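A.B. asks: How does the following fold in three dimensions:
(chains A, B, C and D, ligands or ions: 4)
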Amino acid sequence: MIQMYRVSKKIHNTTVLEDVNLHVGKGEFVLLVGPSGAGKSTLLRLLHFDDRPTEGWIRVGEYSSSALKDRQIPLLRRKIGIIFQDFKLLKDRNIFENVAFALRVTGTRKSLTKRKALQTLTAVGLAHRRDAMPNQLSGGEQQRVSIARALVNDPFVLLADEPLGDLDKEASSNILELLKEINHRGTTVVMATHDEDLAAHMPYRCIRIENGRIL
Amino acid sequence: MIQMYRVSKKIHNTTVLEDVNLHVGKGEFVLLVGPSGAGKSTLLRLLHFDDRPTEGWIRVGEYSSSALKDRQIPLLRRKIGIIFQDFKLLKDRNIFENVAFALRVTGTRKSLTKRKALQTLTAVGLAHRRDAMPNQLSGGEQQRVSIARALVNDPFVLLADEPLGDLDKEASSNILELLKEINHRGTTVVMATHDEDLAAHMPYRCIRIENGRIL
Amino acid sequence: MGLGYAFREAILGLYRARGMSLVSIGTTAVSLLVFGIFLLVTLNLYGIVGQVRRRIEIEVYLSDDIDDKEALDLKRKVEAINGVKEVDYIDKEKAADEFRQAFGEGLLEAVSQNPLPASLRIKVEDTFSTSDKIKEIVKQIEKRRGIEEIEYGRQWVERLDRLTLIVTVADLVIGLVIGLSSIFVVANTVNLTILARRESIEIMKLVGATDNFIQIPFLLEGIIGGTLGGALASAILYFSYNWAVVHFPRITFAPSNLAVALMIPLGAILGGLGSRISVKRVLKSLA
Amino acid sequence: MGLGYAFREAILGLYRARGMSLVSIGTTAVSLLVFGIFLLVTLNLYGIVGQVRRRIEIEVYLSDDIDDKEALDLKRKVEAINGVKEVDYIDKEKAADEFRQAFGEGLLEAVSQNPLPASLRIKVEDTFSTSDKIKEIVKQIEKRRGIEEIEYGRQWVERLDRLTLIVTVADLVIGLVIGLSSIFVVANTVNLTILARRESIEIMKLVGATDNFIQIPFLLEGIIGGTLGGALASAILYFSYNWAVVHFPRITFAPSNLAVALMIPLGAILGGLGSRISVKRVLKSLA
Ligand SMILES: Nc1ncnc2c1ncn2[C@@H]1O[C@H](COP(=O)(O)OP(=O)(O)OP(=O)(O)O)[C@@H](O)[C@H]1O
Ligand SMILES: Nc1ncnc2c1ncn2[C@@H]1O[C@H](COP(=O)(O)OP(=O)(O)OP(=O)(O)O)[C@@H](O)[C@H]1O
Ligand SMILES: [Mg+2]
Ligand SMILES: [Mg+2]
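C.D. replies: Ligands and ions are numbered 1, 2, ... in the order given. Okay, the predicted model is just below:
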């Protein structure tokens, strides 16, 4: 499902990722662990085609970095769910609109959009706050909105960057359950985290990254 | 050092904090724990006078909410360090400037500003990235810049909102050491966190907050 | 994407950034107002210059030795000259009447014989009222027999020419500059409101929106904002022009409705173009 | 806060938001350019209107029965009239010379006696060159003895009056509107660049900056940006006016340097004011 072959990423002469090889099978749940600044977010960004690799080759589903045209990128992104480390919510819309936006871009019918957005907000426990603006939410609440937006499209790949960073134990395990469930339904999940304990307690493959290299 | 007496905070008819009484002595290190949306950030914002309480009375050091004039607030804030949950870095300046800014507002001499800013950046392990812009940093790195900015002024009170959320184990313990050291030197620290495990392992008073009420 | 959605998004977009929207609509309105006022002033100015010119007459004094028949013959011939609009024959009697009206009875009665010559009074076509063209007409009349003197205030027509030329040039220069600057200002203002939402545009792209999906609401937003600005401008223009018509009837008379209404489509076009260009540029910088 | 720091921050502020700064400086420049061009056009227009008026002369034809001495006496009396600038005495001989120059030898030689009257040619003060004032002067001369006829192109002076009035009104209206709109546009543009940095301002407040500490660099930034915009405008004005002076010498002659240089302080003031007002408003909304 996901493949990276000899991928390097340089930004202004700094090597952020070096010679990364990675294979994630369809339906797998993979943890990406590593200290702060290791390159986890950068790796996920490459898989989301927010950035192109300096060297090497990337494939996500049917999309390959060697063949992907710029105008195909939106199509790809609609099928990949991503939870950003810094949430990246649209500040000028309420959270219902933020979640619904991911459906609107796909041209989903209005009634279906509404139903699915509310369902997903309910799943992350925020349906009652649907009219709130992002800046009226606590950190953890914003994070859950970002999670809902990533999930609402039933993506075939889910990239989660530190999705539990601002959540307490209970909320964390709820969200984890949600991710597992989605994984069970066939979605490939790649989750970056700096929490070694969490990773150690989960029965999933763990990819360790440090200083831009996979160990 | 810090006192809250029957403090309530309502925002548009939602009660975010209710009847909060709190006393933190000079030089204490206090943990504020509670689930997502409990009101931890709101409480810290009140102590920083970003917001005024709907009811009740707050004192921080010599500043009391009943007597504080608007134009005194900057003076207060210069003496209180705050680490925001969402970092709140100035996006258009490099991280040296971000840290130095907190010194500049106090009218610190140029040479001293430079020395202290670099010292503090070194303490959080980011001196080598001093010329980077915030968006060129990883999540954990941004968090550490925010921590550096809060510490650079030698505040007499430090409010830390989830300061370890984006940090790995090693970085976390480094930062914790830093906070402890500052506390040893006499700074009162209030640290909000959702991490019950962390709180359980620390030898400090733990204030539990849920649904806007202190338990 | 349905147009309904895009339209709703555009309206919401204006509302969400209402502070900036108001500033931008206000700026658009003012820019168009300047242009509109310029247009109205120009229309009236040319109207008045035309009026002044239209009063230019050539007076051809006939010698006493040609009779009415010959004079009327001459009149017909003059009427055939290119550029001549109207010729009045003022015979000696009529000339005396006019003189009496202007200067009273006494003077003329003192002399035994009517000393005033008959004349042809010529009005020229509007397009022939410049000094050069008039000279040409005069040249063709001069050749005829029985003409004593031709008067048309050569110096004055030249002065008027000069002044008209200058007013026209000044007007065109100012008009060009105002027009270009309106375009520039409106486009730039829209540009600023869109630069301020760069982050939102970036997030939209990250969530899988195509460039068109992002652009179309912004385009509509620009068009709607521009239209509102234009409407505001034309409303102000309409009321202030009507006020001026009542209070300065002698210098405001040109029909204005078309020029006033023009501001609305102009605002729409400028707003739309400005927004299209800006969003394109932001999208490109994000690609 | 040292002024050095504020100044450095202001320059850096312009640089950090360089996209917006350029747009804002460009808009300021264009707004001031419009105003500057308007000023220059106005200066030249009034100069030319003045020139045209300055050529207005009153020609007083004297009857043949007064001699040179009486004529010179009359000249002195006319010179004493309020508003009269210069009086030339054209005796019969000189009048004949002028006629010969204008129409050739033949005509005049055919008649036995010089039929041309002597005359006084009067130039009036600039401020007396309107139709009303000229009429007054004429009235005072008419009363004198020995005057055959007074000619000054009454109709024409009235036309010129009318045209001048209208051009003046048009110019003032356009000028007022351009001036106000320049102020509005510059202030609004600065406002937009500051609204876009609302978040930064908020963070600065949170970190303990006083309102002044935040405001002063923004104020300086506005002043510097405005000065740059003004300088750009005045550079463009300077070169294009000098180009026009070379290519259209007859209609461009008024001294321009002061008007051109005016754009720079104007830009500084508008930029500074705009920024001050906007930052104040943002700060108030955050308090
Ligand atoms: N645009 C950029 N310019 C320069 N350096 C960058 C840029 N983006 C990222 N980096 C650097 O690349 C390294 C990896 O960043 P990345 O965000 O991938 O780390 P991370 O593993 O996600 O860390 P964290 O756990 O703190 O989020 C960091 O040291 C960061 O400073
Ligand atoms: N401006 C606001 N308008 C409405 N509700 C608000 C506003 N600010 C905060 N709230 C609500 O108040 C509650 C407490 O928020 P707060 O940010 O203090 O939580 P928190 O304890 O910091 O949570 P977290 O651990 O997720 O950061 C939340 O439910 C939040 O939605
Ligand atoms: Mg990261
Ligand atoms: Mg919080």
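A.B. asks: By mean pLDDT, point me to the weakest helix or strand of the chain.
C.D. replies: Chain wasn't specified; assuming chain A. helix A:196-201 (a mean of 88; mean pLDDT, DSSP states H and E).
A.B. asks: The intended chain is chain C.
C.D. replies: helix C:106-110 (a mean of 56).
A.B. asks: Could you point out the helix or strand that follows it?
C.D. replies: Note on helix C:106-110: by DSSP states H and E, the next helix or strand toward the C-terminus is strand C:119-124.
A.B. asks: that older thread, anything in the least confident helix or strand of chain A near ligand 1?
C.D. replies: No: against ligand 1, helix A:196-201 shows no contacts by CB under 6 Å from any ligand atom, the least distance being 12.0 Å. Every residue, glycine included, has its C-beta placed from N, CA and C.
A.B. asks: Minimum distance to ligand 3, which residue of chain A gives it?
C.D. replies: A:Ser41 (3.1 Å; CB to the ion).
A.B. asks: Flag the shaky bits of chain C, pLDDT-wise.
C.D. replies: The model of chain C has pLDDT under 70 over residues C:1, C:102-113.
A.B. asks: which stretches of it form strands?
C.D. replies: Here chain C has its strands, by DSSP state E, at C:57-62, C:84-90, C:119-124, C:147-151.
A.B. asks: D:Asn242: which of those strands is closest?
C.D. replies: Nearest of those to D:Asn242, taken as CB to CB: strand C:119-124 at 39.2 Å.
A.B. asks: Contact residues of chain A facing chain B?
C.D. replies: For chain A, the residues in contact with chain B (CB under 8 Å from any CB of the partner chain) are A:11, A:34-38, A:40-41, A:85-86, A:136-141, A:144, A:161-162, A:165-171, A:194-197.
A.B. asks: any idea which helix or strand carries the residue nearest to A:Tyr63 when sequence neighbours are not counted?
C.D. replies: Nearest non-adjacent residue to A:Tyr63, counting by CB to CB, 6 or more residues apart in numbering or on different chains: A:Leu76, 4.9 Å away. Element membership for A:Leu76, per DSSP H and E: helix A:73-79.
A.B. asks: ok, residue 37 - how many residues close by?
C.D. replies: I went with chain A, as the question did not name one. By other CB atoms under 10 Å in any protein chain shown, the residues close to A:Gly37 number 24.
A.B. asks: hm, I was asking about chain C
C.D. replies: Residues near C:Ile37, counting by other CB under 10 Å: 24.
A.B. asks: Over to C:Ala6?
C.D. replies: Residues near C:Ala6, counting by other CB under 10 Å: 19.
A.B. asks: Could you measure from the closest residue to chain B within the stretch 51-200 of chain C over to D:Ser31?
C.D. replies: Of all residues in the stretch 51-200 of chain C, C:Glu199 sits closest to chain B, at 9.2 Å by CB to the nearest CB. To D:Ser31, C:Glu199 is 28 Å away according to CB to CB, to the nearest Å.
A.B. asks: And these two? Which one has more around it.
C.D. replies: Between C:Glu199 and D:Ser31, counted using other CB under 10 Å, D:Ser31 has the larger neighbour count: 31 against 14.
A.B. asks: Excluding chain neighbours, what is closest to the more buried one?
C.D. replies: D:Ser182 (4.3 Å).
A.B. asks: One more: A:Arg208?
C.D. replies: A:Leu215 (4.4 Å).
A.B. asks: how many other residues sit next to the one you found?
C.D. replies: 10.
A.B. asks: what sits against A:Thr15?
C.D. replies: Contact analysis of A:Thr15 by CB atoms under 8 Å, 6 or more residues apart in numbering or on different chains lists A:Ser8, A:Lys9, A:Gly212.
A.B. asks: and the longest helix along chain A, what does it pack onto?
C.D. replies: Longest helix of chain A, by residue count under DSSP state H: helix A:169-184. With contacts taken as 3 or more CB pairs under 8 Å, 6 or more residues apart in numbering or on different chains; DSSP states H and E, helix A:169-184 sits against strand A:29-33, helix A:139-151, strand A:157-161, strand A:188-193.
A.B. asks: Can you say which of those is nearest to ligand 2?
C.D. replies: When these are compared by CB to the nearest ligand atom, helix A:139-151 sits nearest ligand 2, at 2.6 Å.
A.B. asks: what mean pLDDT would you report for that closest one?
C.D. replies: For helix A:139-151, the per-residue pLDDT values average out at 95.
A.B. asks: ok, back up a step: pipe the strands of chain C into JSON lines and attach distance to chain D per row.
C.D. replies: Below are these laid out as JSON lines (distance: least, CB to the nearest CB, whole Å):
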{"stretch": "strand C:57-62", "distance to chain D": "9"}
{"stretch": "strand C:84-90", "distance to chain D": "17"}
{"stretch": "strand C:119-124", "distance to chain D": "13"}
{"stretch": "strand C:147-151", "distance to chain D": "11"}
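A.B. asks: what's the angle from the longest helix of chain A to helix A:139-151?
C.D. replies: Going by axes from the mean of the first three to the mean of the last three CA atoms, to 10 degrees, helix A:169-184 is angled at 10 degrees with respect to helix A:139-151.
A.B. asks: Run the contact check for stretch C:206-216 versus chain A.
C.D. replies: Yes: against chain A, stretch C:206-216 shows contacts by CB under 8 Å from any CB at C:Leu206, C:Val207, C:Gly208, C:Ala209, C:Thr210, C:Asp211, C:Phe213.
A.B. asks: out of those, who has the most neighbours?
C.D. replies: C:Gly208 (26 neighbours).
A.B. asks: ok, that one touching A:Leu103?
C.D. replies: No: at 10.0 Å, C:Gly208 does not count as touching A:Leu103 under the criterion of CB atoms under 8 Å.
A.B. asks: shared neighbours, the two?
C.D. replies: With CB under 8 Å, 6+ apart as the test, C:Gly208 and A:Leu103 both reach A:Asn153.
A.B. asks: What's the local residue count around residue 117?
C.D. replies: No chain specified, so I'll use chain A. Residue neighbour count, defined by other CB under 10 Å, stands at 26 for A:Ala117.
A.B. asks: That was the other one, I meant chain C.
C.D. replies: Counted with other CB under 10 Å, C:Pro117 comes out at 18.
A.B. asks: for the residue of the stretch 51-200 of chain C closest to chain B, what are its contacts?
C.D. replies: By CB under 8 Å, 6+ apart, the contact list for C:Glu199 reads A:Lys91.
A.B. asks: still on that earlier bit, in JSON lines, list the strands of chain C along with mean neighbour count and distance to C:Gly267.
C.D. replies: Below are the strands of chain C laid out as JSON lines (neighbours: other CB atoms under 10 Å in any protein chain shown; distance: least, CB to CB, whole Å):
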{"stretch": "strand C:57-62", "mean neighbour count": "21", "distance to C:Gly267": "45"}
{"stretch": "strand C:84-90", "mean neighbour count": "16", "distance to C:Gly267": "41"}
{"stretch": "strand C:119-124", "mean neighbour count": "21", "distance to C:Gly267": "42"}
{"stretch": "strand C:147-151", "mean neighbour count": "15", "distance to C:Gly267": "52"}
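A.B. asks: export those to a markdown table and tack on distance to ligand 3?
C.D. replies: What follows is the strands of chain C, written out as a markdown table (distance: least, CB to the ion, whole Å):
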| stretch | distance to ligand 3 |
| --- | --- |
| strand C:57-62 | 88 |
| strand C:84-90 | 85 |
| strand C:119-124 | 84 |
| strand C:147-151 | 93 |
